[in-house]
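Peer 1: quick one, what's the 3D model for this:
(one chain, ligands or ions: 1)
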Amino acid sequence: MKIQVDYNNMMADYVGKEEGFTRQHIEALADQIQGAHKNMVEKRAAGGMDWRNLPFHQEEVVQQILKTAEELRNRCDAFVVLGIGGSALGPLAVQTALNHLHYNELPADKRGGPRFYVLDNVDPERVAALFDVIDPAQTVFNVISKSGSTAETMAQFMIVYQMLREKIGSGYVAQIIATTDAEKGNLINIARDEGYTTFIIPAGVGGRYSELSPVGLLPAAVCGIDIRELLAGAAYMDRLCEQADVFANPAYMLAVLQYLAMGRGKNISVMMPYADSLKYFADWYAQLWAESLGKRLSLSGEEVFAGQTPVKALGTTDQHSQVQLYTEGPFDKVVTFLGVGRYRTEVNIPRVFENVPGIAFLGGHTLGELITAEQLATEYALMKARRLSFTITLPEINAFTVGQLIQLLEIQTAFAGELLNINAFDQPGVEEGKNATYALLGRPGYEAKKQELASRPPK
Ligand code: PA5
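Peer 2: Predicted coordinates:
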């Protein structure tokens, strides 16, 4: 079951010469594409892209994860991820894609695993609200932080640690699992001192590329997702995307066309899944695309600003809010539709009100037919308005196709980074805010930053 990438609506034959691209546009980039491919191969060989190897070299880790997951599925009622950014969005996206849409509300025997929560913010109301619906004695907390020092995650962890000690005493150690770097940060040392079950995020795997490491695999396995299938799908896609030929490599083609579009001022990248279960994939992709490509660089002494602003939309819901803008607003967007070949469940629209022609035509169809028609109609409307779009279709949403989608979008992003000549794996722009937070809250070593903040213009 291979996912399909359709880029017709990026091409001049479909959206017209003014907006669309031709084979010649792509071929004119041959040298740049070849250079970017060479960089990808060399970086991978040098260990700089270890996330690409996650689908292949983790058998031992997978076995440990499955063993831990099995044990947790039997003993806890809730499983809570404490993490943010790349340490939260992947687990949320995969769980929502592959489990029942009301998973937490199902009775325990139908769920087959603990209720699942991702606490990816430090809004005090949200944290307190979570504590209202879980029983600490029946809950396992998975604190996930690659750096082991992110203020939000560490604060959550400290709160949970204290709460567990107060509520359940010395047994709390079994209620915390740490997922972090093998050496860096505070979390690994605490985990070792305390004796938590710990999973390691490999060194060459950055936050937003870590879903197929224990970051995503443990929560997925705990919720009953077939993680071997997830990895098999990713491996399948990875092999497809090893090809140097852009016309045979779907990730490269997506990246090249986005790159060409950026060159023409398409500064917004919309992801619009036509499946509620893929809604959080748009969130995950937003971080991947924004944090990887949004970079300031200096070209021959001149400052250049790279990247595209990601926008999340949901079909059909946002047809009734955003699509008007996409169709008639500024020519500054590329839309990526995520479609589904066959929905896992079907619902029939009954033949009622047959004497009301304006709605009777719906009777006898299914909701699957309706949502698919809505997607095709929106793609058509955009194409007719000369707007650029891709469609990525999952023949069915399952672990194998979701694994493919993750690897496809990660490779697309990394390749776009190479074409843009930026580092797609760092996030220096995030650091200023992190450092200012540390200074405001009195972290030692940030005194100068605190003074700098104090001297800012008054509000
Ligand atoms: O992609 C990234 O590296 C970031 O978005 C991180 O995932 C995010 O800042 C959380 O970092 P950490 O996992 O170190 O707590």
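Peer 1: burial of the residue nearest to residue 341 when sequence neighbours are not counted, as a residue count?
Peer 2: Leaving aside its sequence neighbours, residue 341 sits nearest to residue 395 (C-beta to C-beta, 6 or more residues apart in numbering; 3.9 Å). No exception for glycine: its C-beta is placed from N, CA and C like everyone else's. Neighbours of residue 395 under the rule other C-beta atoms under 10 Å: 15.
Peer 1: how about residue 395, what does it touch?
Peer 2: 1, 2, 3, 4, 341, 342, 401 (C-beta atoms under 8 Å, 6 or more residues apart in numbering).
Peer 1: pull out the buried members of the residues you listed.
Peer 2: 3, 401 (16 or more other C-beta atoms under 10 Å).
Peer 1: pull the most distant pair out of the contacts of residue 395.
Peer 2: The span of the contacts of residue 395, defined through C-beta to C-beta, is set by 2 and 342 at 14.1 Å.
Peer 1: quick one, phi/psi of the residue nearest to residue 341?
Peer 2: Torsion angles at residue 395 (phi, psi; degrees, to the nearest 10) stand at phi -50, psi -40.
Peer 1: so how far is residue 196 from the closest residue to the ligand within the chain?
Peer 2: As assessed by C-beta to the nearest ligand atom, the ligand sits closest to residue 207 within the chain, at 2.3 Å. According to C-beta to C-beta, to the nearest Å, residue 207 stands 20 Å off from residue 196.
Peer 1: follow-up on the earlier one: how many residues are close by the residue of the chain closest to the ligand?
Peer 2: Neighbours of residue 207 (other C-beta under 10 Å): 27.
Peer 1: angles on the backbone of it, please.
Peer 2: phi -50, psi -60.
Peer 1: give the contact list for the spatially closest residue to it that is not a sequence neighbour.
Peer 2: Of all residues not flanking residue 207 in the chain, residue 86 sits nearest, at 2.7 Å (C-beta to C-beta, 6+ apart). Residue 86 makes contact with 146, 206, 207, 208, 209, 210, 211, 215, 287 under the criterion C-beta under 8 Å, 6+ apart.
Peer 1: which residues of the stretch 151-300 of the chain fall in strands?
Peer 2: 176-180, 197-200, 268-273, 296-299 (DSSP state E, counting those that start in this stretch).
Peer 1: need phi/psi at residue 339.
Peer 2: phi -110, psi 170.
Peer 1: ignore what I typed, I meant residue 295.
Peer 2: Phi and psi for residue 295, reported as degrees, to the nearest 10, are phi -140, psi 150.
Peer 1: and stretch 423-443, how far out from the chain middle?
Peer 2: 21 Å (C-alpha atoms, centre = their mean, to the nearest Å).
Peer 1: would you mark the buried spots in that stretch?
Peer 2: 424, 425, 427, 435, 436, 438, 439.
Peer 1: near the ligand, from those?
Peer 2: Contacts with the ligand are made by residue 427 out of the buried residues of stretch 423-443, judged by C-beta under 6 Å from any ligand atom.
Peer 1: nearest to residue 91, of the buried residues of stretch 423-443?
Peer 2: Proximity of the buried residues of stretch 423-443 to residue 91 (C-beta to C-beta) peaks at residue 427, which lies at 19.3 Å.
Peer 1: contact partners for the closest one?
Peer 2: residue 291.
Peer 1: at 10 Å instead, please
Peer 2: 85, 86, 206, 207, 208, 287, 290, 291, 292, 294, 295, 434 (C-beta atoms under 10 Å, 6 or more residues apart in numbering).
Peer 1: next SSE downstream of the top helix by length along the chain?
Peer 2: For the chain, the helix with the greatest residue count under DSSP state H is helix 399-420. Next in sequence after helix 399-420, counting helices and strands by DSSP states H and E, comes helix 428-440.
Peer 1: neighbour-wise, which of the contacts of residue 86 leads?
Peer 2: residue 211 (31 neighbours).
Peer 1: surely it and residue 54 touch.
Peer 2: Yes - between residue 211 and residue 54 a contact is recorded at 8.6 Å, counting by C-beta atoms under 10 Å.
Peer 1: neighbours around residue 42, how many?
Peer 2: Residue 42, neighbours per other C-beta under 10 Å, totals 11.
Peer 1: okay, it: pLDDT?
Peer 2: You'll see residue 42 listed with a pLDDT of 96.
Peer 1: for it, give me its contacts.
Peer 2: Contacts of residue 42 by C-beta under 10 Å, 6+ apart are 48, 49.
Peer 1: need the three-state assignment for it.
Peer 2: Under the three-state scheme (DSSP: H, G, I helix; E, B strand; the rest coil), residue 42 adopts helix.
Peer 1: how about the residues of this protein that lie near the ligand?
Peer 2: So the chain meets the ligand at 84-87, 145-147, 150, 153, 206-208, 291, 427 (C-beta under 6 Å from any ligand atom).
Peer 1: how does it look with 5 Å?
Peer 2: Proximity of the chain to the ligand, by C-beta under 5 Å from any ligand atom, involves residues 85, 86, 87, 145, 146, 147, 150, 153, 206, 207, 208.
Peer 1: returning to what we had before: run through the neighbouring helices and strands of the longest helix of the chain.
Peer 2: Here helix 399-420 touches helix 30-45, helix 89-98, helix 214-222, helix 227-240, helix 250-263, helix 279-293, strand 333-340, strand 388-394, going by 3 or more C-beta pairs under 10 Å, 6 or more residues apart in numbering; DSSP states H and E.
Peer 1: distance between the helix or strand that comes right after the longest one and the chain's centre?
Peer 2: Using DSSP H and E, the next helix or strand after helix 30-45 towards the C-terminus is helix 59-75. Counting by C-alpha atoms, centre = their mean, helix 59-75 is centred 23 Å from the centre of its parent chain.
Peer 1: and the next helix or strand past helix 59-75?
Peer 2: Trace forward from helix 59-75 with DSSP H and E and the next one is strand 78-82.
Peer 1: just the pLDDT at the residue nearest to residue 341, thanks.
Peer 2: Confidence score, pLDDT, at residue 395: 98.
Peer 1: distance check, it against residue 342.
Peer 2: 7 Å.
Peer 1: same question, residue 49
Peer 2: 33 Å.
Peer 1: next one: residue 242
Peer 2: Taking C-beta to C-beta, one finds residue 242 at 29 Å from residue 342.
Peer 1: include pLDDT when you put the contacts of residue 427 into CSV, please.
Peer 2: Shown next, in CSV, are the contacts of residue 427 (pLDDT from 0 to 100):
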residue, pLDDT
85, 95
86, 93
206, 92
207, 93
208, 96
287, 97
290, 97
291, 96
292, 96
294, 95
295, 94
434, 85
